[in-house]
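S.K.: Pasting the sequence and the predicted model now:
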Amino acid sequence: MDKKFINVGLIGYGTVGKGVVKILEENKKIVLRKVGKAIRVKSICDLKPIDKPKLYIKNFKDIIKDPEIDLIVELVGGYEPARTIIIDSLKSGKNVVTANKAVLAKYWDQIFTTAQDCQKSIYYEASVGGVIPVVQGLSEGLASEEILEIKGILNGTTNFILSEMTKNRVSYETALKSAQKAGFAETDPSFDVNGIDTANKLAILSSLAWGGWVKVKDISVTGISGLDITDILIAKNFGYDIKLIGSAQKTKNGIDLSVQPCLVSHDHTFATVENEYNGIMITGKDSGDVLFYGKGAGQLPAASAVVSDIINLSKFIVTNTAGIVPDVIYDKNKKIKILMAGKSKTSYYLRFAVVDKPGVLSKISGILGKYKVSIASLSQPEICDNNYVNIIIITHETLRENLKKALKEINAIKSIVKSKTVKIKIEG
C-alpha cells in the first residue's frame, strides 16, 4: 500500500472516543514504529458538533462511503445504528474496530458471516475486559487448546460496588452512588448491575472459545441489585467475599452458562480482584489455568484497547492482507449444546430469615431433604432483628432445579419465613 497514512473514520465521540484520539495523538512515534505508517483520524461522526470542527462529519454514511478511509472505529454503543455501521462498513470494503459488546453478542452470526463473505476484519478486544488482552489471548495464545472453562469478574462497575460494600460495610445504594461519583457507573446503571453487560461479554468469549454462537438468552443471569449488606457481612465472617461471576463450563451434557453473585473464599484468586479491575480465568485441557487481570472500566483503559486493535489491524491493512484469513473461525452451521439451567450442579449459601421458635429448623431441613438438598454446615449468626433470626445453611453440591423446588415450598410457609430466602452460589 503506497499511502502515507492509515486513515481512520471514528463514529462515536464519547468518553472512549475522545480517549482514542488522545492516545493516537500522544503516541504517534510508537504507532509509526509498530505499523510503519502514521495513523490519523480523518473524520469523526457524532450526534452533535465536536471540539474538532475540521474533522466533524454529521452523517456516518459519509464516512463509510469515503474511499480514503481505511478503517472504521464504531464507538456509538447499543444495537442500532451500531449494527448498521458495522455491517455497511464491511460491505463497503472497510475493516472495523469496535468496543461494542452488546451488538457483537446479539448479532455475532450476522457480523462474522458478513466479515467472512467480504474478506474483511473486525477487531473487538475492548469489548471484553477493558485493557485486558483476553480476546487475543483466547484466539491466538490459546489457539491450540480445547477450552474447558471460562470464568471471571467481567464488569468493573459491579466489582467496584461490591468492593465498596465489603470494605466500607455500606449498603448497595450507598456503594452505587460512590461508583457513579467515581465515574464507573452510569446514571442508569441497570445494564451493569443486572448482569447484562457481564452476560454479553461471557457470550462473546464462549462463542470465540467453542466456535459457534452462544446467545445471551442461553445464559442464566442474576445481578447484584438485590444483594443485602447482611449477606456481605455474614459471608465475610465465614471467610468469603461476594463477586459477580460470569461462568462458562464445558460438561458432557453441554456448556453450563451463568452470571450470578458468588461466594469466593478469601484465598481465591478472584477475591484479590477489587474495585474497577477485572479478572478472567481460562482453563485449557493442556494449558491448565491462565489468568488475565487488569482494569475493566475507565476511559483510558478502554481507549487503550481500541488503539491496540487499530494498530494491530493497520499492520495487515498496510500489506493489504486484512481479512484474507478470517480473524474469527465461525461456522454458522455449528450448534453448541447448552446445559439447561436447572441441571447445573453446585454448592450454595442459603440465608433463611425465620421466626425464633422450636421446630422451624427441622421443618426447613426436612423440606431440603425431601428434594435431595444435602446440608454441609449450619449456623445462626449474631446478625439478626427483633422479629426474626437468620439461619445460614451451606449445601453440598446440588441440582439447581431441586433447590429451586425446595425453596419455593419453604418460602410459601409464611408463618415461619419472614422474607424470601437468599440463595448465593459458592464458587470453587
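M.R.: That came through, no problem.
S.K.: Could you use CA atoms for every contact and neighbour count after this?
M.R.: OK.
S.K.: who touches Pro133 in this structure?
M.R.: Shown in contact with Pro133 (CA atoms under 8 Å, 6 or more residues apart in numbering): 125, 292, 305.
S.K.: Which ones among those map onto helices?
M.R.: In helices, defined here by DSSP state H, the members of the contacts of Pro133 are Ala305.
S.K.: out of the contacts of Pro133, which are buried?
M.R.: The neighbour count (16 or more other CA atoms under 10 Å) marks 125, 292, 305 as buried among these.
S.K.: between those residues, which is closest to Val214?
M.R.: For the buried ones among the contacts of Pro133, the residue nearest Val214 by CA to CA is Glu125; the value is 17.8 Å.
S.K.: returning to that earlier point: what's the closest of the contacts of Pro133 to Lys414?
M.R.: Here the nearest of the contacts of Pro133 to Lys414, counting by CA to CA, is Phe292; it sits at 46.0 Å.
S.K.: For Glu125, see how far away the residue nearest to that closest one when sequence neighbours are not counted is.
M.R.: Excluding its sequence neighbours, the residue lying closest to Phe292 (CA to CA, 6 or more residues apart in numbering) is Ile280, at 5.0 Å. Plainly put, Ile280 is 14 Å away from Glu125 if you go by CA to CA, to the nearest Å.
S.K.: what sits in contact with each of those two?
M.R.: Contact criterion CA under 8 Å, 6+ apart; residues shared by Ile280 and Glu125: Val134.
S.K.: I'd like to know how far Ala209 sits from Lys52.
M.R.: Following CA to CA, the distance that separates Ala209 from Lys52 is 40 Å.
S.K.: Around Glu26, how many other residues sit close by?
M.R.: Residues lying near Glu26 (other CA atoms under 10 Å) number 10.
S.K.: just the contacts of Pro133 now: which is nearest Ile234?
M.R.: Of these, the one sitting nearest to Ile234 (CA to CA) turns out to be Phe292, at 29.2 Å.
S.K.: I'd assumed Ile132 was in contact with the closest one.
M.R.: Yes - taking contacts as CA atoms under 8 Å, Phe292 lies within contact range of Ile132: 6.6 Å.
S.K.: Not counting stretch 56-73 itself, show me its contacts.
M.R.: Applying CA under 8 Å, 6+ apart, the external contacts of stretch 56-73 come out as 6-11, 42-50, 85, 88-89, 92, 94-98, 317.
S.K.: Once you drop chain neighbours, what's closest to Lys236?
M.R.: Of all residues not flanking Lys236 in the chain, Thr166 sits nearest, at 7.9 Å (CA to CA, 6+ apart).
S.K.: In what element of secondary structure is the one you found found?
M.R.: Here Thr166 sits within helix 156-168, counting by DSSP states H and E.
S.K.: Convert that helix to CSV, retaining C-alpha atoms only.
M.R.: C-alpha atoms of helix 156-168 as CSV (Å, rounded to 0.1, in the frame of the first residue of the first chain):
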residue,chain,number,x,y,z
GLY,A,156,-15.7,-3.2,36.6
THR,A,157,-18.8,-1.3,37.8
THR,A,158,-20.3,-4.1,39.8
ASN,A,159,-16.9,-5.1,41.1
PHE,A,160,-16.4,-1.6,42.4
ILE,A,161,-19.8,-1.6,44.1
LEU,A,162,-19.1,-4.9,45.7
SER,A,163,-15.7,-3.8,46.9
GLU,A,164,-17.2,-0.7,48.4
MET,A,165,-19.9,-2.8,50.2
THR,A,166,-17.2,-5.2,51.5
LYS,A,167,-14.5,-2.7,52.6
ASN,A,168,-16.7,0.0,53.9
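S.K.: average pLDDT for it?
M.R.: Summarised as a single mean, pLDDT over helix 156-168 is 95.
S.K.: Go through that helix and flag the buried ones.
M.R.: Within helix 156-168, the residues scored as buried using 16+ other CA under 10 Å are 156-166.
S.K.: Now these in CSV, please, with extra columns for distance to Gly195.
M.R.: Formatted as CSV, those follow (distance: CA to CA, whole Å):
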residue, distance to Gly195
Gly156, 11
Thr157, 10
Thr158, 9
Asn159, 11
Phe160, 14
Ile161, 13
Leu162, 13
Ser163, 16
Glu164, 18
Met165, 17
Thr166, 19
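S.K.: which one of the contacts of Pro133 sits closest to Lys217?
M.R.: Ranked by distance to Lys217 (CA to CA), those are led by Glu125 at 22.5 Å.
S.K.: Give me the three-state assignment for Ile391.
M.R.: Using DSSP: H, G, I helix; E, B strand; the rest coil, the structure places Ile391 in strand.
S.K.: Checking the residue nearest to Phe292 next. Helix, strand or coil?
M.R.: Assignment for Ile280 (three-state DSSP): strand.
S.K.: For beta bridges, what are the partners of it?
M.R.: Gly152, Phe292 (DSSP bridges).
S.K.: That one against Leu138, yeah?
M.R.: No - judged on CA under 8 Å, Ile280 makes no contact with Leu138 at a distance of 10.9 Å.
S.K.: Identify each buried residue in the helix or strand containing Ala248, please.
M.R.: Using DSSP H and E, Ala248 sits within strand 240-251. Using 16+ other CA under 10 Å as the test for burial, strand 240-251 gives 240-250.
S.K.: what do you get for stretch 281-301?
M.R.: For stretch 281-301, the neighbour count (16+ other CA under 10 Å) marks 281-284, 292-301 as buried.
S.K.: just stretch 258-274 next, same as before
M.R.: By neighbour count with 16+ other CA under 10 Å, stretch 258-274 contains the buried residues 258-265, 270-271, 273-274.
S.K.: Next, the buried residues of stretch 36-47.
M.R.: Applying a neighbour-count criterion of 16+ other CA under 10 Å, one finds 36-46 buried in stretch 36-47.
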